[in-house]
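> this is the structure alone, sequence omitted:
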(Lines give C-alpha, C1' and ligand atoms only; values in the text may rest on other atoms or scores of the structure.)
Protein backbone atom coordinates (compact mmCIF):
# COMPACT_ATOMS: atom_id res chain seq x y z
CA UNK A 1 0.00 0.00 0.00
CA UNK A 2 1.34 3.41 -0.97
CA UNK A 3 2.15 6.14 1.49
CA UNK A 4 -0.43 8.39 -0.18
CA UNK A 5 -3.13 5.75 0.36
CA UNK A 6 -3.30 6.51 4.06
CA UNK A 7 -3.60 10.26 3.62
CA UNK A 8 -6.10 12.73 2.25
CA UNK A 9 -7.06 11.47 -1.19
CA UNK A 10 -8.59 13.84 -3.76
CA UNK A 11 -11.97 12.88 -5.18
CA UNK A 12 -11.52 14.43 -8.63
CA UNK A 13 -8.33 14.98 -10.63
CA UNK A 14 -8.12 16.88 -13.91
CA UNK A 15 -5.28 16.26 -16.34
CA UNK A 16 -4.07 18.52 -19.16
CA UNK A 17 -2.17 16.03 -21.30
CA UNK A 18 0.37 18.40 -22.83
CA UNK A 19 3.61 17.78 -24.69
CA UNK A 20 2.85 14.95 -27.11
CA UNK A 21 4.17 16.82 -30.14
CA UNK A 22 7.29 18.09 -28.39
CA UNK A 23 7.99 14.59 -27.09
CA UNK A 24 7.92 13.32 -30.67
CA UNK A 25 9.98 16.22 -32.06
CA UNK A 26 12.79 15.66 -29.56
CA UNK A 27 12.99 12.06 -30.78
CA UNK A 28 12.84 13.01 -34.48
CA UNK A 29 9.48 11.31 -34.77
CA UNK A 30 6.31 12.59 -36.47
CA UNK A 31 3.74 14.26 -34.24
CA UNK A 32 1.43 11.29 -34.76
CA UNK A 33 3.83 9.10 -32.80
CA UNK A 34 3.63 11.47 -29.86
CA UNK A 35 -0.16 11.41 -29.91
CA UNK A 36 -0.17 7.61 -30.12
CA UNK A 37 2.14 7.37 -27.10
CA UNK A 38 0.04 9.92 -25.23
CA UNK A 39 -3.07 7.91 -26.00
CA UNK A 40 -1.46 4.82 -24.45
CA UNK A 41 -0.78 6.80 -21.27
CA UNK A 42 -4.35 8.04 -21.17
CA UNK A 43 -5.50 4.41 -21.18
CA UNK A 44 -3.09 3.46 -18.40
CA UNK A 45 -3.64 6.42 -16.07
CA UNK A 46 -7.19 5.75 -14.78
CA UNK A 47 -6.17 2.53 -13.01
CA UNK A 48 -3.21 4.31 -11.41
CA UNK A 49 -5.55 6.86 -9.84
CA UNK A 50 -8.53 4.63 -9.07
CA UNK A 51 -6.34 2.09 -7.27
CA UNK A 52 -5.33 4.87 -4.87
CA UNK A 53 -8.85 5.96 -4.05
CA UNK A 54 -9.41 8.76 -6.58
CA UNK A 55 -13.00 8.72 -7.84
CA UNK A 56 -12.97 10.87 -10.99
CA UNK A 57 -10.29 11.59 -13.60
CA UNK A 58 -11.02 14.26 -16.23
CA UNK A 59 -8.80 14.29 -19.32
CA UNK A 60 -8.44 17.34 -21.56
CA UNK A 61 -8.47 15.29 -24.75
CA UNK A 62 -9.29 17.88 -27.45
CA UNK A 63 -10.00 21.58 -26.99
CA UNK A 64 -12.19 23.89 -29.05
CA UNK A 65 -8.95 25.59 -30.15
CA UNK A 66 -7.35 22.38 -31.40
CA UNK A 67 -9.33 22.59 -34.64
CA UNK A 68 -6.80 25.25 -35.69
CA UNK A 69 -4.06 22.62 -36.03
CA UNK A 70 -3.10 21.11 -39.38
CA UNK A 71 -5.93 19.11 -40.89
CA UNK A 72 -3.92 15.89 -41.06
CA UNK A 73 -3.18 16.09 -37.33
CA UNK A 74 -6.81 16.87 -36.48
CA UNK A 75 -7.96 13.91 -38.57
CA UNK A 76 -5.52 11.61 -36.77
CA UNK A 77 -6.68 12.82 -33.36
CA UNK A 78 -10.31 12.25 -34.35
CA UNK A 79 -9.44 8.69 -35.37
CA UNK A 80 -7.71 8.09 -32.04
CA UNK A 81 -10.68 9.44 -30.14
CA UNK A 82 -13.10 7.38 -32.20
CA UNK A 83 -10.99 4.31 -31.49
CA UNK A 84 -11.17 5.13 -27.80
CA UNK A 85 -14.92 5.57 -27.50
CA UNK A 86 -15.81 2.79 -29.93
CA UNK A 87 -13.36 0.09 -28.86
CA UNK A 88 -10.39 0.52 -26.51
CA UNK A 89 -11.70 2.80 -23.77
CA UNK A 90 -15.14 1.26 -24.08
CA UNK A 91 -13.85 -2.28 -23.53
CA UNK A 92 -11.51 -1.14 -20.76
CA UNK A 93 -14.37 0.62 -18.96
CA UNK A 94 -16.50 -2.51 -19.00
CA UNK A 95 -13.61 -4.74 -17.91
CA UNK A 96 -12.44 -2.46 -15.09
CA UNK A 97 -15.91 -1.25 -14.16
CA UNK A 98 -15.58 2.52 -14.54
CA UNK A 99 -18.05 4.96 -16.02
CA UNK A 100 -17.24 7.10 -19.08
CA UNK A 101 -18.59 10.63 -19.41
CA UNK A 102 -18.01 12.97 -22.35
CA UNK A 103 -17.90 16.74 -21.81
CA UNK A 104 -17.90 19.16 -24.71
CA UNK A 105 -19.69 20.24 -27.86
CA UNK A 106 -20.32 16.75 -29.18
CA UNK A 107 -22.61 17.89 -31.99
CA UNK A 108 -19.65 19.54 -33.74
CA UNK A 109 -17.62 16.33 -33.94
CA UNK A 110 -17.31 14.64 -37.35
CA UNK A 111 -19.28 11.68 -38.70
CA UNK A 112 -20.89 9.33 -36.21
CA UNK A 113 -18.42 10.19 -33.43
CA UNK A 114 -21.13 12.07 -31.48
CA UNK A 115 -23.35 8.97 -31.50
CA UNK A 116 -20.46 6.76 -30.40
CA UNK A 117 -19.68 9.14 -27.52
CA UNK A 118 -23.28 8.98 -26.33
CA UNK A 119 -23.26 5.19 -26.72
CA UNK A 120 -20.21 4.58 -24.52
CA UNK A 121 -21.63 6.92 -21.88
CA UNK A 122 -24.95 5.06 -21.91
CA UNK A 123 -23.35 1.61 -21.84
CA UNK A 124 -21.12 2.41 -18.85
CA UNK A 125 -23.48 4.60 -16.80
CA UNK A 126 -24.12 1.89 -14.20
CA UNK A 127 -20.42 1.18 -13.56
CA UNK A 128 -19.23 1.99 -10.05
CA UNK A 129 -15.43 1.73 -10.04
CA UNK A 130 -14.62 5.35 -10.85
CA UNK A 131 -15.41 7.89 -13.56
CA UNK A 132 -13.38 8.89 -16.61
CA UNK A 133 -14.58 12.26 -17.91
CA UNK A 134 -13.28 12.80 -21.43
CA UNK A 135 -13.28 16.51 -22.29
CA UNK A 136 -13.69 16.44 -26.05
CA UNK A 137 -14.18 19.52 -28.21
CA UNK A 138 -14.16 21.24 -24.84
CA UNK A 139 -13.49 24.82 -23.79
CA UNK A 140 -14.20 26.40 -20.43
CA UNK A 141 -15.72 29.55 -21.90
CA UNK A 142 -17.69 27.47 -24.40
CA UNK A 143 -19.10 25.41 -21.52
CA UNK A 144 -20.24 28.51 -19.63
CA UNK A 145 -21.66 30.01 -22.84
CA UNK A 146 -23.60 26.82 -23.55
CA UNK A 147 -24.89 26.76 -19.97
CA UNK A 148 -26.22 30.32 -20.31
CA UNK A 149 -27.86 29.45 -23.63
CA UNK A 150 -29.62 26.44 -22.07
CA UNK A 151 -30.84 28.59 -19.17
CA UNK A 152 -32.27 31.17 -21.59
CA UNK A 153 -33.87 28.40 -23.67
CA UNK A 154 -35.45 26.98 -20.51
CA UNK A 155 -36.66 30.47 -19.57
CA UNK A 156 -34.82 30.61 -16.27
CA UNK A 157 -35.74 33.90 -14.60
CA UNK A 158 -32.93 36.28 -13.48
CA UNK A 159 -33.82 35.89 -9.81
CA UNK A 160 -33.44 32.12 -10.18
CA UNK A 161 -29.83 32.38 -11.32
CA UNK A 162 -27.24 31.42 -8.70
CA UNK A 163 -24.02 29.41 -8.68
CA UNK A 164 -25.79 26.13 -8.07
CA UNK A 165 -28.14 26.78 -10.98
CA UNK A 166 -25.25 27.53 -13.34
CA UNK A 167 -23.42 24.37 -12.24
CA UNK A 168 -26.53 22.35 -12.99
CA UNK A 169 -26.37 23.49 -16.62
CA UNK A 170 -22.70 22.61 -17.17
CA UNK A 171 -21.87 19.60 -19.35
CA UNK A 172 -21.72 17.17 -16.43
CA UNK A 173 -22.84 19.38 -13.60
CA UNK A 174 -23.22 16.58 -11.08
CA UNK A 175 -19.45 16.00 -10.98
CA UNK A 176 -17.56 17.48 -8.05
CA UNK A 177 -15.06 20.25 -8.75
CA UNK A 178 -11.52 18.99 -9.36
CA UNK A 179 -9.36 18.92 -6.24
CA UNK A 180 -6.21 18.82 -8.38
CA UNK A 181 -5.40 19.84 -11.92
CA UNK A 182 -2.18 18.41 -13.34
CA UNK A 183 -0.53 19.84 -16.45
CA UNK A 184 2.46 18.19 -18.03
CA UNK A 185 5.15 19.68 -20.34
CA UNK A 186 6.20 22.60 -18.13
CA UNK A 187 3.53 25.03 -19.32
CA UNK A 188 1.91 26.84 -16.40
CA UNK A 189 -1.62 27.76 -17.44
CA UNK A 190 -5.01 26.06 -17.58
CA UNK A 191 -5.86 26.93 -21.21
CA UNK A 192 -9.60 26.95 -20.63
CA UNK A 193 -9.77 23.63 -18.81
CA UNK A 194 -12.70 23.37 -16.38
CA UNK A 195 -12.83 27.15 -16.06
CA UNK A 196 -15.89 27.28 -13.80
CA UNK A 197 -14.92 24.25 -11.73
CA UNK A 198 -11.22 25.00 -11.13
CA UNK A 199 -11.47 28.14 -9.01
CA UNK A 200 -10.12 26.37 -5.90
CA UNK A 201 -8.29 23.47 -7.49
CA UNK A 202 -4.73 22.76 -6.43
CA UNK A 203 -2.40 23.09 -9.42
CA UNK A 204 0.49 20.78 -10.26
CA UNK A 205 2.75 21.66 -13.17
CA UNK A 206 5.09 18.86 -14.22
CA UNK A 207 8.04 19.52 -16.52
CA UNK A 208 7.89 16.12 -18.20
CA UNK A 209 5.81 15.57 -21.31
CA UNK A 210 2.60 13.58 -21.10
CA UNK A 211 4.03 10.49 -22.88
CA UNK A 212 6.62 10.30 -20.07
CA UNK A 213 4.01 10.41 -17.29
CA UNK A 214 4.35 7.35 -15.04
CA UNK A 215 2.67 5.76 -12.05
CA UNK A 216 5.42 7.18 -9.84
CA UNK A 217 4.19 10.67 -10.81
CA UNK A 218 0.77 9.76 -9.44
CA UNK A 219 2.41 8.85 -6.13
CA UNK A 220 4.37 12.10 -6.08
CA UNK A 221 1.32 14.27 -6.82
CA UNK A 222 -0.85 12.57 -4.21
CA UNK A 223 1.91 12.80 -1.63
CA UNK A 224 2.32 16.53 -2.19
CA UNK A 225 -1.44 17.07 -2.22
CA UNK A 226 -1.71 15.38 1.17
CA UNK A 227 0.81 17.86 2.54
CA UNK A 228 -0.88 20.96 1.17
CA UNK A 229 -3.36 22.96 3.22
CA UNK A 230 -6.29 23.91 1.04
CA UNK A 231 -7.83 27.33 1.62
CA UNK A 232 -11.09 28.66 0.26
CA UNK A 233 -10.70 32.38 0.82
CA UNK A 234 -10.82 32.14 4.63
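Right, received. Where do you want to start? Being a predicted model, the structure only gives us computed values, none of them experimental.

> alpha carbons only for contacts and neighbour counts from here, please
Noted.

> now do the SS call for residue 101.
Following DSSP: H, G, I helix; E, B strand; the rest coil, the label given to residue 101 is strand.

> all the helices of this protein, residue numbers only.
Assigned by DSSP state H, the chain shows helices spanning 20-26, 31-50, 71-83, 89-96, 113-123, 140-153, 163-168, 215-227.

> and those as a markdown table, adding mean pLDDT, distance to residue 132 and mean neighbour count?
A markdown table is the format used below for these (pLDDT from 0 to 100; distance: least, CA to CA, whole Å; neighbours: other CA atoms under 10 Å):
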| stretch | mean pLDDT | distance to residue 132 | mean neighbour count |
| --- | --- | --- | --- |
| helix 20-26 | 97 | 20 | 18 |
| helix 31-50 | 96 | 7 | 18 |
| helix 71-83 | 95 | 14 | 15 |
| helix 89-96 | 95 | 9 | 17 |
| helix 113-123 | 96 | 10 | 18 |
| helix 140-153 | 97 | 18 | 16 |
| helix 163-168 | 96 | 19 | 14 |
| helix 215-227 | 97 | 16 | 16 |
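
> got a markdown table for these, with distance to residue 182 too?
Shown next, in a markdown table, are those (distance: least, CA to CA, whole Å):
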| stretch | distance to residue 182 |
| --- | --- |
| helix 20-26 | 15 |
| helix 31-50 | 12 |
| helix 71-83 | 21 |
| helix 89-96 | 21 |
| helix 113-123 | 24 |
| helix 140-153 | 16 |
| helix 163-168 | 22 |
| helix 215-227 | 8 |
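
> and those helices: which comes nearest residue 195?
The closest of the helices of the chain to residue 195 is helix 140-153. By CA to CA, the value is 4.6 Å.

> what angle separates that closest one from strand 99-103?
80 degrees (axes from the mean of the first three to the mean of the last three CA atoms, to 10 degrees).

> packing partners for helix 140-153?
Helices and strands touching helix 140-153, by 3 or more CA pairs under 8 Å, 6 or more residues apart in numbering; DSSP states H and E: there are none.

> pull the distance from that helix to the chain's centre.
A distance of 19 Å separates the centroid of the chain from that of helix 140-153, by CA atoms, centre = their mean, to the nearest Å.

> just stretch 170-181 next, same as before
Worked out by CA atoms, centre = their mean, stretch 170-181 lies 10 Å from the chain centre.

> that stretch: end-to-end distance?
For stretch 170-181, the first-to-last residue distance is 18 Å (CA to CA, to the nearest Å).

> list the buried ones in it?
170, 171, 173, 175, 177, 178, 179, 180, 181 (16 or more other CA atoms under 10 Å).

> please identify which of the helices of the chain is closest to residue 189.
For residue 189, the closest of these is helix 140-153, at 13.0 Å, according to CA to CA.

> who touches that closest one?
Here helix 140-153 makes contact (CA atoms under 8 Å, 6 or more residues apart in numbering) with 104, 166, 169, 170, 171, 192, 193, 194, 195, 196.

> can I get those residues in CSV including distance to residue 220?
Formatted as CSV, these follow (distance: CA to CA, whole Å):
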residue, distance to residue 220
104, 30
166, 34
169, 34
170, 31
171, 30
192, 25
193, 22
194, 23
195, 25
196, 26
